[in-house]
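Peer 1: Structure for the following, please:
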Amino acid sequence: MKLVVFSHKLVWRNQDSPTGYSTDGGFAFQMGAISKIFDQTTIVVPVLLKKMTAGEVHIQGQNLKIVPLENISGHGLRRKINYLFWFIKNVSKFNTLINEADAVHTPIPSDIGTLGMILALIKKKPLLVRYCGNWLVQNTIAEKCWKWLMEKFAGGKNVMLATGLQSEKPSEKNPNIKWIFSSSLTESELNELREKPPKLNINAPRLIIVCRMEEGKGVEQVISAVNLIKDEYPSIRLDVVGDGGELKVFKDIVSKLNLKSHVVFHGKLNHQGVLAALKDAQVFCYPTSFEGFPKVVLEALASGLPVFATAVSAIPELLKPGGGMILRNNEPETLLQELRELFLSPERYPEMQAYAFETASAFSLEKWGDSIKLHLQKAWNL
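Peer 2: So this is what the prediction gives:
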């Protein structure tokens, strides 16, 4: 069976990659897992002219190839205008690729994925849609349209999956929409991470947060918590991993609070770099205000780190077994209180760590691929 994937994920050329292309984040790992289900997988994605190095991951898989597209330039209204011209230029290529394929996969949110999704519905091709944003909250018109489309057409050969882990069903309107977790961790990585678990050093606690440097992700709150507790624990350190538009703002806050000896910014790291940073830490802090399925929380749990996070999206389900603490709000004082209680009762740490490892073991990349395959077998008779 031949699958074609339409995604907005930016890639760049890399002669060292088996497919000739690389990207960042978990996309490459998940496409590799999905490719094992099919005889041939074609991924249609926009290509950057400039090669990136931060967070680079090779795209590779079983009989997997890349069809490059010109990137849609601009932001906001300018991008929407450019998209119209891009659409006219590429719609015939999309049409040909869908005709040649036996099934279509579109990860969304994505304007490119939306075009592939609509064409697949028109042509009545077997369709797999994965909603990778925050399914529980739709703020924009586009997000509301994606949810409407999924609820309207889920069922039969249209497999619609929402990324999340809630006990309630994703949709009351259409029970055919199912939850799917997200992961970039292989079974071998999970086993390797368990071999040398971190230990809590209350004389020099080491905290970490990994995310895009955006307002609402909790970075400023963690920095503020460190500022509040640094006199009690002079050797405390916070590692901040990630890149984004607010990075300079957060660095300025650290400078203003005179915390440069306590807060270290690592920038964007690749998959192995993130895991290495997590293994050097002791507690993962994530007082975020919004989230889809937080793969980084899963990676922290897999690294043996108790997670202190807000009750957003799938986080309560991930921490329910005991691998961390749910913060009642994202205020720095709340995080400070929970950290102080842990530091004053360090005997809790090994137990939380054991629950963290146990939770993470259920969410390997292989199990993610198996879950996708099971959904497709039921709908497509694979």
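
Peer 1: neighbours of the residue nearest to Ser182 when sequence neighbours are not counted, just the number please.
Peer 2: The shortest distance from Ser182 to any non-neighbouring residue, by C-beta to C-beta, 6 or more residues apart in numbering, is to Phe293 (4.2 Å). For glycine as for every other residue, the C-beta is placed from the backbone atoms N, C-alpha and C. Burial of Phe293 is recorded as 25 neighbouring residues (other C-beta atoms under 10 Å).

Peer 1: how about Phe293, what does it touch?
Peer 2: In this structure, Phe293 makes contact with 132, 163-165, 181-182, 313-314, judged by C-beta atoms under 8 Å, 6 or more residues apart in numbering.

Peer 1: List the ones among those residues that fall in strands.
Peer 2: When strands are assigned by DSSP state E, the members of the contacts of Phe293 inside them are Thr163.

Peer 1: Report the two of the contacts of Phe293 separated the most.
Peer 2: Taking C-beta to C-beta, the two most distant members of these are Cys132 and Leu165; they sit 13.5 Å apart.

Peer 1: Ile122: how many residues sit nearby?
Peer 2: Counted with other C-beta under 10 Å, the neighbours of Ile122 add up to 10.

Peer 1: Got phi/psi on Ile108?
Peer 2: The phi and psi values for Ile108, taken as degrees, to the nearest 10, are phi -130, psi 160.

Peer 1: Go ahead and confirm it touches Trp146.
Peer 2: Yes: counting by C-beta atoms under 8 Å, Ile108 touches Trp146, with 5.3 Å between them.

Peer 1: circling back to that earlier point, who has more neighbours, Cys132 and Leu165?
Peer 2: Neighbours per residue (other C-beta under 10 Å) separate Cys132 from Leu165, with Cys132 holding more: 23 against 19.

Peer 1: Kindly state the pLDDT recorded for Ser73?
Peer 2: Looking at Ser73, its pLDDT is 82.

Peer 1: State the three-state secondary structure for the nearest residue to it once chain neighbours are set aside.
Peer 2: Across the structure, with C-beta to C-beta, 6+ apart as the measure, the residue nearest Ser73 apart from its sequence neighbours is Asn82 (5.7 Å). Look at Asn82: counting by DSSP: H, G, I helix; E, B strand; the rest coil, its state is helix.

Peer 1: which residues does Asn82 contact?
Peer 2: Taking C-beta under 8 Å, 6+ apart as the criterion, Asn82 is in contact with 72-74.

Peer 1: how near is Gly76 to Val210?
Peer 2: Taking C-beta to C-beta, to the nearest Å as the measure, Gly76 falls 28 Å from Val210.

Peer 1: the more surrounded of the two?
Peer 2: The residue with the greater number of neighbours, taking Gly76 and Val210 and applying other C-beta under 10 Å, is Val210; the counts read 24 against 7.

Peer 1: The more buried one and Lys268, how far apart?
Peer 2: Between Val210 and Lys268 the distance is 10 Å, computed by C-beta to C-beta.

Peer 1: which residues are in contact with both of the two?
Peer 2: Contacts common to Val210 and Lys268, judged by C-beta under 8 Å, 6+ apart, are 241-242.

Peer 1: which stretch of helix or strand covers Gln30?
Peer 2: When elements are assigned from DSSP states H and E, Gln30 belongs to helix 27-35.

Peer 1: So for the helix or strand following that helix, mean pLDDT?
Peer 2: From helix 27-35 onward toward the C-terminus, using DSSP H and E, the following helix or strand is strand 40-48. Averaged across strand 40-48, the pLDDT comes to 96.
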